[in-house]
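*Asks:* Provide a 3D model corresponding to the input given below.
(one chain, ligands or ions: 1)
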Amino acid sequence: MAASMKRNALANTDENQDIKRSKITSDDKNLESFLSWAAENGFGLSDKVIVARESACAQYGMIAIADISDGETLFQIPRKMLLHPGTTDISDILEKERDKIQGSSGWAPLLISLMYEYTSEQSPWRPYFNLVPDFTELDLPMFWNKEDRNSLLKGSGVIEAVEKDLKNIEEEFTTIVLPFIKAHADIFHSQCQELEFYKKMVAFVMSYSFTEPASISNNEDEDDDDDDDEKSGSPPPMMVPMADILNHVAKNNAHLKFEKEALKMVAIKDIPKGEEVFNTYGELANWHLLHMYGFAERYPSNHWDTVEISSLVIAQAMEVLSVNTHDMIKKKTSHLADLNLYGEDVGFILGVDGVLDEMEMCDVLKVSCMNESQLEKRTENEGWESDEEDDEGTSLCYDNFLNLSKEWKAILKRSAELTLPRYSRSIEEDRAMLQSSSHSGRQQYSLYTVNGQKMLLQTLINKCS
Ligand SMILES: C[S@@+](CC[C@H](N)C(=O)[O-])C[C@H]1O[C@@H](n2cnc3c(N)ncnc32)[C@H](O)[C@@H]1O
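*Replies:* Here you go, the predicted model:
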C-alpha cells in the first residue's frame, strides 16, 4: 500500500511516467535474476504463484495465479540459503570473536554479516539484495524527521520506541560494530564504517528478518549442549530470501514452517486465484507494525491490535469511587508500587477482546475498591490474600464483563476516558481524516495506528457503560 500511495502522490506527467517505466524495467531484470538464482538453488517455487509488484499491497508481493489448497507448499528455502552469521563467508571470524560482538540486542553478528555481504559484488546473495526495495521506500519511523514523528504519532507509543532504538543503534555501532570493522578493515568495504549505512542495515533486519521459534530449534537440536541453549535466550534473527517477499496481514493465508533441512511456506487456507499470499510477521499490534515495518492495518482488520493503559491514569480513575480519598489513593498506589503494579513505566494492555494483563489488572481493581481496613489487612499480608478475595472472578475478557462489579467497570471506564486525551485528535476528527484520500503513506498508517488505539479504548468505555 505504501508504494502505491507514493506512486499516486506523483503527478501524472510524462516525465514521471518515464521514471516509473524505467524503474519497472530495471526491477523486472532484478526479479528475473532473483528467480533464476532461486531456481538454481533449490527454492522449488510452485507454478501456482508469481512474485510481482502488480496486485501486491506494497512493493513486491506473492500472488496466486491458480487456486491453491490449504496445506500446499508454495516454496522452500534450503537452510544453506539462509543468511546469518553461520552461513556468511566471514563466519569463521565471527565465530572466533563471538563474545566481543554479541551486544545487548543480539543483532550485531547478523548486521556485520549483512554489511559484509551487501557490499560485496561477489556475494552469493547478490540477486537477493538487488531485489530488496530501497530502504527509504519502507519509510520506517526511524527515518522520519522528529516533527513528523511527534505530530503524527503522539500517544501511540511509537515515538518513545523509536527514540530508544536510535540511541541503542548508535551505541552498539560505536562500541561493538565499528571497532570490529576497523580491526578487520582489510576485508570490509569502507562504507561499513558509516553509521548511516549501518542504520539502513538495521532497517533491513527490522522489517525483513525472521527468528526461528525456540521450541523448534530446541526439539531438533537435541544434541546441542546446555550452555548454548542458555545463551540463546531470545533467538537471533536471520534473513530468509523469498519468504520475506510476502507481505503481512493479521488474517494471513500462509505460514513459514521451520523444518530440519529447509524452511517451507505453506498455505494455511484455500487461496483463490488472483489473491495475494500473505504471511504473518507475528501477533503484532499496529503500533508495533508501524514501528518495525512502517505500515499498519485499518481498524478493525488487525485483531492483534492493542493499546496501553498507564497505571498512572488508573490511579487518577480511582477518584470515581467513594472509598478513595486523596490519602487512600496515596496508600494504594504505594502498595501497588511495591508489587510493581504502579509507576511511570507500568501499564496494562487492552486488546480487542478485553484486558490482556488480566491477573495484574484484577489485582489493581481489587485494591482500588478496598476500604481502609481491607487495605490494611492486605498490606500487612504483603499482597498475599485469602481465597475469599477471589470471588470477583479473574477474567477481564469482554465475554465476562456482565459478571464484573459496577465499581470495577467505573474504574476501567474512567481510565479509558483519561487515556483518550493523550492523542492529538478526537475520534471524530480521525473519522473525517480517514475519509479524505490525500494522505502520504506515513500519514495514513499513523492515522490507522492512533485511530485503532482510540477505537479499542472506546470499546472498553462502551462495554463498561
Ligand atoms: C518483509 S517485507 C515484504 C516484502 C516487500 N513488500 C518487498 O517488496 O520487498 C516487509 C515490508 O513490506 C511492506 N508491507 C508488508 N505488509 C504490508 C501491508 N499489509 N501493508 C503495507 N505494507 C506492507 C512494509 O513496507 C514492510 O516493511
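
*Asks:* which residue ranges form the strands in the stretch 51-200 of the chain?
*Replies:* Using DSSP state E, counting those that start in this stretch, the strands of the stretch 51-200 of the chain run over 61-64, 73-78.

*Asks:* List just the one of those that sits closest to Ser207.
*Replies:* Closest of these to Ser207 is strand 61-64, at 14.1 Å (criterion: CB to CB). All C-beta atoms are positioned from the backbone trio N, CA, C, and that covers glycine.

*Asks:* what helices or strands is the closest one leaning on?
*Replies:* strand 49-52, strand 276-279 (3 or more CB pairs under 8 Å, 6 or more residues apart in numbering; DSSP states H and E).

*Asks:* ok, back up a step: would you mind saying which of the strands of the stretch 51-200 of the chain lies nearest the ligand?
*Replies:* Nearest to the ligand, of all those, is strand 61-64, at 5.7 Å by CB to the nearest ligand atom.

*Asks:* Paired strands for that closest one, with orientation please.
*Replies:* strand 49-52 (antiparallel), strand 276-279 (antiparallel) (DSSP bridges).

*Asks:* continuing past the helix or strand hosting Glu428, what's the next helix or strand?
*Replies:* Using DSSP states H and E, Glu428 maps to helix 427-435. With elements assigned by DSSP H and E, the helix or strand that comes after helix 427-435 is helix 441-464.

*Asks:* Deepest-packed of the strands paired with strand 61-64, please.
*Replies:* Burial of the strands paired with strand 61-64 is given as mean neighbour count (mean count of other CB atoms under 10 Å); strand 276-279 ranks first at a mean of 22.

*Asks:* and the helix or strand following that one, is it in reach of the ligand?
*Replies:* Downstream of strand 276-279, the first helix or strand assigned by DSSP H and E is helix 286-293. Yes. Contact between helix 286-293 and the ligand, assessed by CB under 6 Å from any ligand atom, occurs at Tyr293.

*Asks:* now helix 286-293 against helix 441-464, angle please.
*Replies:* Orientation note: helix 286-293 sits at an angle of 160 degrees relative to helix 441-464 (axes from the mean of the first three to the mean of the last three CA atoms, to 10 degrees).

*Asks:* how about the residues of the stretch 201-350 of the chain near the ligand?
*Replies:* Residues of the stretch 201-350 of the chain lying near the ligand by CB under 6 Å from any ligand atom: Ser207, Tyr208, Asp244, Ile245, Asn247, His248, Val249, Tyr293, Gly294, Phe295.

*Asks:* The closest residue to the second one other than its chain neighbours: what's it in contact with?
*Replies:* Closest residue to Tyr208 apart from its sequence neighbours, by CB to CB, 6 or more residues apart in numbering: Asp244 at 4.5 Å. The neighbourhood of Asp244, defined by CB atoms under 8 Å, 6 or more residues apart in numbering, consists of Tyr208, Ser209, Phe210.

*Asks:* Which single one of those residues is nearest to the ligand?
*Replies:* Tyr208 (4.6 Å).

*Asks:* in terms of contact, does the closest one touch Leu131 like I think?
*Replies:* No. The pair Tyr208 / Leu131 is not scored as a contact, 10.9 Å apart, by CB atoms under 8 Å.

*Asks:* May I see the residues of the stretch 201-350 of the chain next to the ligand organised as JSON lines, with secondary structure and pLDDT added?
*Replies:* As requested, these are arranged in JSON lines below (DSSP: H, G, I helix; E, B strand; the rest coil; pLDDT from 0 to 100):
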{"residue": "Ser207", "secondary structure": "helix", "pLDDT": "97"}
{"residue": "Tyr208", "secondary structure": "helix", "pLDDT": "98"}
{"residue": "Asp244", "secondary structure": "helix", "pLDDT": "98"}
{"residue": "Ile245", "secondary structure": "helix", "pLDDT": "98"}
{"residue": "Asn247", "secondary structure": "strand", "pLDDT": "98"}
{"residue": "His248", "secondary structure": "strand", "pLDDT": "98"}
{"residue": "Val249", "secondary structure": "coil", "pLDDT": "98"}
{"residue": "Tyr293", "secondary structure": "helix", "pLDDT": "97"}
{"residue": "Gly294", "secondary structure": "coil", "pLDDT": "97"}
{"residue": "Phe295", "secondary structure": "coil", "pLDDT": "97"}
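
*Asks:* Can you flag the buried ones in those residues?
*Replies:* When those are checked for burial by 16 or more other CB atoms under 10 Å, the buried set is Ser207, Tyr208, Asp244, Ile245, Asn247, His248, Tyr293, Gly294, Phe295.

*Asks:* could you pull out the helices for the stretch 101-250 of the chain?
*Replies:* With helices called from DSSP state H, counting those that start in this stretch, the stretch 101-250 of the chain shows them at 108-118, 126-131, 135-138, 146-152, 158-172, 178-183, 195-208, 214-220, 226-231.

*Asks:* Which strands and helices lie in contact with the third one?
*Replies:* The reference is to helix 135-138. When contacts are defined as 3+ CB pairs under 8 Å, 6+ apart, helix 135-138 packs onto helix 2-9, helix 195-208.

*Asks:* ranking the ones you listed by mean pLDDT, which is last?
*Replies:* The stretch with the lowest mean pLDDT among these is helix 2-9, at a mean of 29.

*Asks:* Low-confidence regions, the stretch 101-250 of the chain specifically.
*Replies:* Scanning the stretch 101-250 of the chain for pLDDT under 70 picks out 215-233.

*Asks:* Can you report how many residues lie near Ser440?
*Replies:* 16 (other CB atoms under 10 Å).

*Asks:* what pLDDT does it get?
*Replies:* pLDDT at Ser440 comes out at 90.

*Asks:* ok, now Lys48?
*Replies:* Lys48 is assigned a predicted lDDT (pLDDT) of 98.

*Asks:* ok now do Leu195, which residues does it touch?
*Replies:* Glu170, Phe173.

*Asks:* ok, the closest residue to Ser69 other than its chain neighbours - contacts?
*Replies:* Closest residue to Ser69 apart from its sequence neighbours, by CB to CB, 6+ apart: Asp270 at 5.7 Å. Residues counted as contacts of Asp270 (CB under 8 Å, 6+ apart) are Asp67, Ile68, Ser69, Asp70.
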